[in-house]
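>>> Give me the fold of what follows.
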Amino acid sequence: MLEGRLAESALRDAIERATRRYAKRQETWFRNQLRDQTSDVRCQTDEVWTLDATPPPEDLAATIAARWVAVRSDV
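Alright, predicted model coming up:
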């Protein structure tokens, strides 16, 4: 478009089309990743973690890491 080979409307249409296709691929990927899981948390057998996101990122990262280490040590 900047070089005059593509109209602004054609560029906008191409961006919208590419964005829709990308979103569709993401939906497909997420659907396949979550296929074996129920969306109802009450029915899940795995432990569900809740996390307060108000502390600084460094504190959140430390909390997540500590929980992960604890879970991995139980395996």
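
>>> Nearest residue to the middle of the protein?
Compute the mean C-alpha point of the chain, and by C-alpha atoms, centre = their mean the closest residue is F30, 8.2 Å away.

>>> check which helix or strand covers that residue.
Applying DSSP states H and E as the criterion places F30 in helix 8-33.

>>> How far does that helix sit from its chain's centre?
Relative to its chain's centre, helix 8-33 lies at 16 Å (C-alpha atoms, centre = their mean, to the nearest Å).

>>> right, and the helix or strand after it?
Sequence order places helix 57-74 as the next helix or strand after helix 8-33, per DSSP H and E.

>>> which residues are contacting that next one?
The contact list for helix 57-74 (C-beta atoms under 8 Å, 6 or more residues apart in numbering) reads E47, W49, L51, A53, P55. In this view, the C-beta of every residue, glycine as well, is placed from N, C-alpha and C.

>>> one more time with 7 Å, if that's ok
W49, L51, A53 (C-beta atoms under 7 Å, 6 or more residues apart in numbering).

>>> Which one of those is nearest to G4?
A53 (47.2 Å; C-beta to C-beta).

>>> How many neighbouring residues does that closest one have?
For A53, the neighbour count with other C-beta atoms under 10 Å is 7.

>>> Please tell me how far it sits from K24.
Distance of A53 to K24, computed by C-beta to C-beta, to the nearest Å: 29 Å.

>>> again with L6
24 Å.

>>> burial of P57, as a residue count?
For P57, using other C-beta under 10 Å, the count is 8.

>>> swap that for L60, sorry
Considering only other C-beta under 10 Å, L60 is surrounded by 14 other residues.

>>> Give me the residue ranges of the chain where confidence is low.
34-48, 74-75 (pLDDT under 70).

>>> same thing but at 80, please
1-2, 31-51, 71-75 (pLDDT under 80).

>>> how about JSON lines for the contacts of helix 57-74, with distance to V69 added?
Output for the contacts of helix 57-74, formatted as JSON lines (distance: C-beta to C-beta, whole Å):
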{"residue": "W49", "distance to V69": "13"}
{"residue": "L51", "distance to V69": "16"}
{"residue": "A53", "distance to V69": "20"}
